[in-house]
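Asks: Coordinates only, no sequence provided:
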């Protein structure tokens with residue numbers, strides 16, 4: 001099926017009204033994107049920040065009368081939005097994405113390979129991945145940093161917690177690298193489905209990898225039992241979840257935190273300092289991974 005898209009350039013004050021008008025005029029989807037290479041970093045709770053120059057794109061079926069669509073918009077507003085109507089090339093978007101996702105190596109042993117391609121090194125530790133709708137392909141710097149750290153660890157026989165597991169990439173990688181069992185926690189049910197699928201795709205038995213929503217796993221079973229706890233999320237949740245993450249960690253165990261900008265590292269280290277000494281273990285494209293070991297009991 002072919003589509004037509006209407007593109008409008010806006011400022012944050014107009015963006016909400018333009019989005020409503022696009023939907024009211026029959027758009028089946030509206031997207032917003034940066035129109036000036038301006039980053040928007042982690043928002044505060046309750047905030048929905050937009051770029052100073054925001055581009056809105058409304059998607060319409062190919063047979064839509066676009067003159068009737070434009071009639072929904074006030075002429076003075078439309079005149080300031082640099083409006084453009086374009087035919088969107090008909091593509092199989094799933095295959096388009098698959099075409100550009102290639103095997104990637106992390107550290108010395110570990111490869112993450114799309115499930116539809118043959119691993120380039122059959123004798124390596126190969127993680128076959130289909131992320132589905134969940135975060136975690138290895139292409140984001142924070143995931144790459146965590147994978148490289150896992151590759152350099154001795155994981156044989158360990159228990160691992162991946163809090164905010166997304167596609168399950170980190171937990172499954174740990175299991176492929178020798179961990180005995182893992183727990184994946186995520187607040188998105190789709191992530192749990194993707195994690196289960198990816199575990200099965202890699203021959204991981206269900207009893208070795210439990211997945212659950214927050215608060216729905218057996219906390220007593222994991223209290224102080226994990227040799228490795230990983231959380232690749234964002235700074236705000238990492239602070240809010242500090243007691244939850246440390247609750248799972250075994251004395252002497254390793255805590256790994258990512259999803260952090262390098263400017264957020266010192267604040268996070270200070271937040272966790274009363275319980276564990278963290279340090280920057282890796283940095284890539286402005287993102288960092290923090291790592292530290294919980295002190296053993298005397």
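Replies: Arrived safely. Note that the structure is a prediction, hence the values are computed from the model and not measured.

Asks: Roughly how far does residue 264 sit from residue 124?
Replies: The gap separating residue 264 from residue 124 is 33 Å, by Cβ to Cβ, to the nearest Å. Any C-beta I mention is one placed from the backbone N, CA and C, and that applies to glycine too.

Asks: Could you list the domains of this protein?
Replies: Here the domain parsing of the chain from automatic domain parsing is 3-90, 134-293.

Asks: returning to what we had before: compare residue 264 and residue 124 and say which is more crowded by neighbours.
Replies: The neighbour comparison of residue 264 against residue 124 (other Cβ atoms under 10 Å) goes to residue 264, with 20 against 15.

Asks: And the more buried one, how close does it get to residue 5?
Replies: For residue 264, the distance to residue 5 equals 36 Å [Cβ to Cβ].

Asks: Near the closest residue to residue 264 other than its chain neighbours, how many other residues are there?
Replies: Distances taken as Cβ to Cβ, 6 or more residues apart in numbering put residue 235 closest to residue 264, at 4.7 Å, once the chain neighbours are dropped. Neighbour count of residue 235, defined by other Cβ under 10 Å: 19.

Asks: gap between residue 235 and residue 159?
Replies: Going from residue 235 to residue 159 by Cβ to Cβ gives 26 Å.

Asks: and what of residue 276?
Replies: Between residue 276 and residue 159 the distance is 18 Å, computed by Cβ to Cβ.

Asks: ok, now residue 229?
Replies: Noted for residue 229: a distance of 10 Å to residue 159, by Cβ to Cβ.

Asks: where do the strands sit along the stretch 101-250 of the chain?
Replies: 104-106, 110-114, 125-129, 159-163, 181-185, 209-212, 226-232, 249-261 (DSSP state E, counting those that start in this stretch).

Asks: need these in CSV with distance to residue 76 and mean neighbour count, can you?
Replies: As requested, those are exported to CSV (distance: least, Cβ to Cβ, whole Å; neighbours: other Cβ atoms under 10 Å):
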stretch, distance to residue 76, mean neighbour count
strand 104-106, 50, 19
strand 110-114, 49, 23
strand 125-129, 50, 22
strand 159-163, 50, 26
strand 181-185, 50, 26
strand 209-212, 52, 21
strand 226-232, 46, 25
strand 249-261, 40, 22
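
Asks: Make a markdown table out of these and add mean pLDDT.
Replies: Shown next, in a markdown table, are these (pLDDT from 0 to 100):
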| stretch | mean pLDDT |
| --- | --- |
| strand 104-106 | 91 |
| strand 110-114 | 89 |
| strand 125-129 | 90 |
| strand 159-163 | 98 |
| strand 181-185 | 97 |
| strand 209-212 | 97 |
| strand 226-232 | 97 |
| strand 249-261 | 95 |
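
Asks: so which of these gets nearest residue 87?
Replies: Closest approach to residue 87 among these (Cβ to Cβ): strand 110-114, 30.1 Å.

Asks: Now residue 108: phi and psi?
Replies: Backbone geometry at residue 108, expressed as degrees, to the nearest 10, gives phi -100, psi -40.

Asks: Please apply the same query to residue 155.
Replies: Backbone torsions of residue 155, given as degrees, to the nearest 10, read phi -110, psi 0.

Asks: Now do the contacts for it.
Replies: Going by Cβ atoms under 8 Å, 6 or more residues apart in numbering, residue 155 touches 174, 177-179, 227-228.

Asks: quick one: the nearest residue to residue 227 once chain neighbours are set aside and residue 250, what's the gap?
Replies: Of all residues not flanking residue 227 in the chain, residue 158 sits nearest, at 4.0 Å (Cβ to Cβ, 6+ apart). Per Cβ to Cβ, residue 158 is found 9 Å from residue 250.

Asks: Identify the contacts common to those two.
Replies: Shared contacts of residue 158 and residue 250, defined by Cβ under 8 Å, 6+ apart, comprise 226-227.

Asks: Residue 212 touches residue 189, doesn't it?
Replies: No. With contact defined as Cβ atoms under 8 Å, residue 212 does not reach residue 189; the gap is 10.4 Å.

Asks: Find me the pLDDT at residue 204, would you?
Replies: You'll see residue 204 listed with a pLDDT of 96.

Asks: What is the burial count for it?
Replies: What residue 204 shows, counting by other Cβ under 10 Å, is a neighbour count of 21.

Asks: So which residues make contact with stretch 199-207?
Replies: Contact with stretch 199-207 is made by 115, 127-130, 168, 171-172, 175-176, 181, 196, 208-209, as judged by Cβ under 8 Å, 6+ apart.

Asks: Which one of the residues you listed is nearest to residue 297?
Replies: Of all the contacts of stretch 199-207, residue 181 has the smallest distance to residue 297: 23.0 Å, by Cβ to Cβ.
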